[in-house]
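Visitor: below is the sequence, then the predicted model.
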Amino acid sequence: MSLLRSPNVVTYSPGWTLIPTHWCRNTCGYCVFVERTGDAARLVAPDAARAEIERARRAGATELLIMSGEGVEESRDVRAALRRYGFRSYLDYLIDIARSALALDLLPHINIGSVSGAEFAALRAVVPSMGMM
């Protein structure tokens, strides 16, 4: 009997969630994700993100869910942090995070919201799956 047809077999991929910032331009009525002030609205430093990815790997995760809002670069604080960390854009930051995950054999999945065709193509090179918040 095939595993796919057996009602007694449950499969899963252990995942870990990383939220680089809770900042988002939208204020959807159903969403409790958005924080525009305080620590949650700040950008997670690349070293802290890498440490969290390493923690995920040690815990046995095989997938890394990277959750993000839209329009993150509209935040003055996020733009300043990106410059401070040496990134040209939030997209470059996300690509760096995805590469860090791949280097530790974690499959990155990004939920980012709407992106342009060029942004999608850049992410597709390092992210095996994407979702839309």
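Guide: Great, that's in hand.

Visitor: could you find the closest non-adjacent residue to the residue most central in space within the chain?
Guide: Residue closest to the mean C-alpha point of the chain, counted by CA atoms, centre = their mean, is I66 at 1.8 Å. Nearest residue to I66 in three dimensions, chain neighbours excluded: I110, at 4.7 Å (CB to CB, 6 or more residues apart in numbering). Heads up, the C-betas are built off the backbone N, CA and C, glycines and all.

Visitor: give me the mean pLDDT for the helix or strand where that neighbour lies.
Guide: For I110, the element it lies in under DSSP states H and E is strand 107-111. The average pLDDT within strand 107-111 is 94.

Visitor: dump that strand to PDB, keeping only the CA atoms.
Guide: Taking Å, rounded to 0.1, in the frame of the first residue of the first chain, the C-alpha atoms of strand 107-111 are listed here in PDB:
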ATOM      1  CA  LEU A 107      14.200  25.500   3.100                       C
ATOM      2  CA  PRO A 108      13.100  29.100   3.200                       C
ATOM      3  CA  HIS A 109       9.500  30.000   2.600                       C
ATOM      4  CA  ILE A 110       8.700  33.700   2.400                       C
ATOM      5  CA  ASN A 111       5.300  35.200   3.100                       C
END
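
Visitor: roughly how far apart are V115 and V72?
Guide: Distance, V115 to V72, using CB to CB, to the nearest Å: 11 Å.

Visitor: these two: which is more packed in?
Guide: Neighbour count, other CB atoms under 10 Å: between V115 and V72, V72 has more, with 25 against 17.

Visitor: quick one, what contacts the more buried one?
Guide: Contacts of V72 were listed using CB atoms under 8 Å, 6 or more residues apart in numbering, and they are 20-21, 23-25, 43, 78, 90.

Visitor: just L107 next, same as before
Guide: Contacts of L107 (CB under 8 Å, 6+ apart): 13, 62-64, 101, 128-129.
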